[in-house]
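1. got a sequence here, can you build the structure:
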Amino acid sequence: MLSILFYGFGNPGRQDDGLGPSVIEEIEKLNLVDVFTDENYQLQVEDAAEMARHELVIFVDASVEGEGSFTVRRVFSASSIGFTSHAVSPESLLQICREVFRKHPATWIIGIRGYEFEFTEGLTEKAKINSQRALDFINILLSEYKGRKMAEKKTILIIDDDADLRASMRIMLEATGFSVGEAADGEEGIKIAERIKPDAIIVDLMMETIDAGSRLSTHFKETGFDGPIFLLSSAGDTVRYNIDARELGLAGIFQKPLDHKVLINTLKKQLKMD
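-> This is a model prediction of the structure:
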């Protein structure tokens with residue numbers, strides 16, 4: 001069984017800086033098997049030893065960036081290890097884990113949008129909403145890890161110029177047992193599709209141009225791709241009125257902000273994995 005560590009860091013005495021620890025408290029209430037938790041004001045070099053005991057590590061922290069409720073990004077090893085008074089970055093911790101313990105767990109960080117960081121306790125109301133949305137994402141993630149069927153492994157290609165969206169989709173899809181390829185634009189997407197031979201493709205409607213996704217979908221169909229292709233759109237109902245999914249040979253259109261549960265269930269149905 002996959003062992004997962006959730007590590008929240010931040011100072012609960014500075015309003016929304018306590019988002020990380022508050023999420024960890026909620027995860028602990030679930031009492032899940034093979035899901036472990038830890039929290040602290042800041043990351044320390046000693047935490048690398050705990051990381052080495054798990055296959056997947058997810059850090060949770062407050063963030064002042066991003067338009068959405070939270071972002072998800074992959075953590076890669078730092079080229080060099082740096083820390084001050086024991087405080088260390090997730091990237092440096094992963095490098096310590098590799099060099100000292102010869103382990104390299106898959107590592108991600110969920111950054112939850114915060115707004116106020118004064119020296120007083122309690123999350124702001126907007127931060128509480130963002131925290132709940134992040135927890136909803138985490139609950140789906142854990143559910144997919146628990147129920148995944150590796151024998152049915154399929155490969156999904158994501159083509160989108162939004163790195164944060166690609167990251168959140170990747171971790172959710174990998175949790176379900178999918179292999180994932182990703183590209184930031186159409187040209188890169190075509191090259192990667194030729195290399196990984198995906199079972200399904202998800203492509204953003206608007207990248208280099210307003211209709212880049214629909215043109216790319218047509219290209220894949222014309223060059224012989226016979227798997228399902230989905231568009232990603234933030235244009236709301238406008239897409240339904242101006243794009244005929246059937247005419248383009250599309251399996252469907254996912255609306256942004258993305259509902260990850262709908263994403264997983266739709267892919268499983270289209271790829272006959274249930």
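2. is it true that His219 touches Glu187?
-> No: using Cβ atoms under 8 Å as the test, His219 is too far from Glu187 to be in contact (10.6 Å). In short, each C-beta sits where N, CA and C put it, glycine included.
3. measure the closest residue to His104 other than its chain neighbours to Ala49 for me?
-> Nearest non-adjacent residue to His104, counting by Cβ to Cβ, 6 or more residues apart in numbering: Arg98, 5.2 Å away. According to Cβ to Cβ, to the nearest Å, Arg98 and Ala49 sit 13 Å apart.
4. and what of Lys261?
-> Distance from Lys261 to Ala49, counting by Cβ to Cβ: 35 Å.
5. I figured the residue nearest to His104 hits Ser92, correct?
-> No: assessed by Cβ under 8 Å, Arg98 is found out of contact with Ser92, at 10.7 Å.
6. list the helices and strands the helix or strand harbouring Ile27 packs on?
-> Element membership of Ile27 [criterion: DSSP states H and E] is helix 19-28. Counting contacts by 3 or more Cβ pairs under 8 Å, 6 or more residues apart in numbering; DSSP states H and E, helix 19-28 is packed against strand 4-9, strand 35-40, strand 56-63, strand 106-113, helix 125-147.
7. report the mean per-residue pLDDT for that helix.
-> Average pLDDT, helix 19-28: 97.
8. who touches it?
-> For helix 19-28, the external contacting residues (Cβ atoms under 8 Å, 6 or more residues apart in numbering) are 6-10, 12, 35, 37-39, 59-62, 110, 112, 114, 123, 127, 130-131, 134-135, 138.
9. now for the closest residue to Ala183 other than its chain neighbours, how many residues are close by?
-> Distance criterion Cβ to Cβ, 6+ apart; nearest residue to Ala183, sequence neighbours excluded, is Gly189 at 3.8 Å. Summarising burial for Gly189: neighbours were counted as other Cβ atoms under 10 Å, giving 27.
10. before we move on, what about Tyr7?
-> Neighbours of Tyr7 under the rule other Cβ under 10 Å: 26.
11. hang on, isn't it packed against Glu39?
-> Yes: the pair Tyr7 / Glu39 is scored as a contact, 6.8 Å apart, by Cβ under 8 Å.
12. so what pLDDT did Arg246 get?
-> Arg246 is assigned 66 on the pLDDT scale.
13. should've said Asp164
-> For Asp164, the pLDDT comes out at 89.
14. does it belong to a helix, a strand or coil?
-> For Asp164, the assignment made with DSSP: H, G, I helix; E, B strand; the rest coil gives helix.
15. what's near enough to touch it?
-> 66, 68, 71-73.
16. taking the residues you listed together, which two end up most distant?
-> Across the contacts of Asp164, the longest distance by Cβ to Cβ is 12.7 Å; it joins Gly68 and Arg73.
17. coming back round to it: of Arg98 and Ala49, who's got more company?
-> Using other Cβ under 10 Å, the more surrounded residue of Arg98 and Ala49 is Arg98, with 17 against 13.
18. mean confidence score for the strand or helix carrying that one?
-> Using DSSP H and E, Arg98 sits in helix 90-101. Mean per-residue pLDDT for helix 90-101: 93.
19. what's stretch 110-130 in contact with?
-> Contact with stretch 110-130 is made by 12-20, 22-23, 58-66, 68-73, 131, 134, 137-138, as judged by Cβ under 8 Å, 6+ apart.
20. what's the answer for stretch 202-214, then?
-> By Cβ under 8 Å, 6+ apart, the residues outside stretch 202-214 that reach it are 156-162, 169, 185-186, 189, 215-217, 229-235, 239, 243, 248, 254.
21. distance of the nearest residue to Gly18 once chain neighbours are set aside from Gln44?
-> The shortest distance from Gly18 to any non-neighbouring residue, by Cβ to Cβ, 6+ apart, is to Pro12 (3.3 Å). Relative to Gln44, Pro12 is positioned 17 Å away (Cβ to Cβ).
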